[in-house]
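Peer 1: what's the 3D shape of this:
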Amino acid sequence: PLPSSVQTLLSSFYPNARIESLEPMGATLTGMPLYRADKVPIPDAGLLQALEEVMAARGFIVFKDAEHSIPPDALVASCKWWGGHEVHSTHGVHPATPNGNRHIFRVSNDRRHGTLGVGPQWHNDGSFVDGTFSHAGYQIERVPEQGGGTHFVLQSAAFDQLSEADQEYWSRLTSINSS
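Peer 2: Now for the predicted structure:
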């Protein structure tokens, strides 16, 4: 479970906001707007720190807002709240990308709407660059009616579940990736 102090802090800035654990990992947050009228209000530094700690402990936070789809520039701006406070783009720009924003990588199973065949196998986003991303932001415009097939794993938690011998073995290995 999440510490009650996170909900208390969140509610002090956003009275209708609620954060809850997902099982077996992750958290969902409702009632905290990531933008207002195309303006991205930067949350309190203490709140950002608390949410970053939730991300580190739980693996990810799903920001749910049933009323709005966050504008592309606001999505990119909100992604700068954590990590290195900048966006590191490693991909091409799909023709359907709003305003040709190079920081948005559109993925779809329909080539008219995004790039096809991205990550059809297990992978780490950004694992092919030195200094793998500390955070990644995703926006889902349309959830599949059935299935979807995307799974997330908190690798540090998975590693902790290995036997001591397996941890020692995997600790000696290096991954070489290419883009």
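Peer 1: end-to-end on stretch 75-89?
Peer 2: 14 Å (C-alpha to C-alpha, to the nearest Å).
Peer 1: so what's Glu86 closest to, chain neighbours aside?
Peer 2: Nearest non-adjacent residue to Glu86, counting by C-beta to C-beta, 6 or more residues apart in numbering: Lys80, 6.2 Å away. For the C-beta atoms, the positions are set from N, CA and C on the backbone; glycine is no exception.
Peer 1: what do you get for Leu29?
Peer 2: Using C-beta to C-beta, 6+ apart, the nearest residue to Leu29 is Ile19, at 4.7 Å.
Peer 1: Next up, phi/psi of the one you found, please.
Peer 2: phi -120, psi 130 (degrees, to the nearest 10).
Peer 1: burial measure for it, as a count.
Peer 2: 22 (other C-beta atoms under 10 Å).
Peer 1: if I look at it, how far off is Phe152?
Peer 2: Distance, Ile19 to Phe152, by C-beta to C-beta, to the nearest Å: 17 Å.
Peer 1: and stretch 76-83, average pLDDT?
Peer 2: For stretch 76-83, mean pLDDT is 83.
Peer 1: Which stretches in this protein count as helices?
Peer 2: Assignment of helices within the chain using DSSP state H yields the ranges 4-13, 45-58, 72-79, 155-160, 164-171.
Peer 1: Contacts made by the first one with the rest, please.
Peer 2: Helix 4-13 is touched from outside by 17-19, 29, 32, 43-44, 46-47, 50-51, 53-54, with contacts defined as C-beta atoms under 8 Å, 6 or more residues apart in numbering.
Peer 1: Measure how far that helix is from the centre of its chain, please.
Peer 2: Taking C-alpha atoms, centre = their mean, to the nearest Å, the mean C-alpha location of helix 4-13 is offset from the chain mean by 21 Å.
Peer 1: ok, and for it, which residues are buried?
Peer 2: Val6, Leu9, Leu10 (16 or more other C-beta atoms under 10 Å).
Peer 1: Dump the residues you listed to a markdown table, plus pLDDT and distance to Leu173.
Peer 2: Output for these, formatted as a markdown table (pLDDT from 0 to 100; distance: C-beta to C-beta, whole Å):
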| residue | pLDDT | distance to Leu173 |
| --- | --- | --- |
| Val6 | 94 | 35 |
| Leu9 | 94 | 40 |
| Leu10 | 93 | 39 |
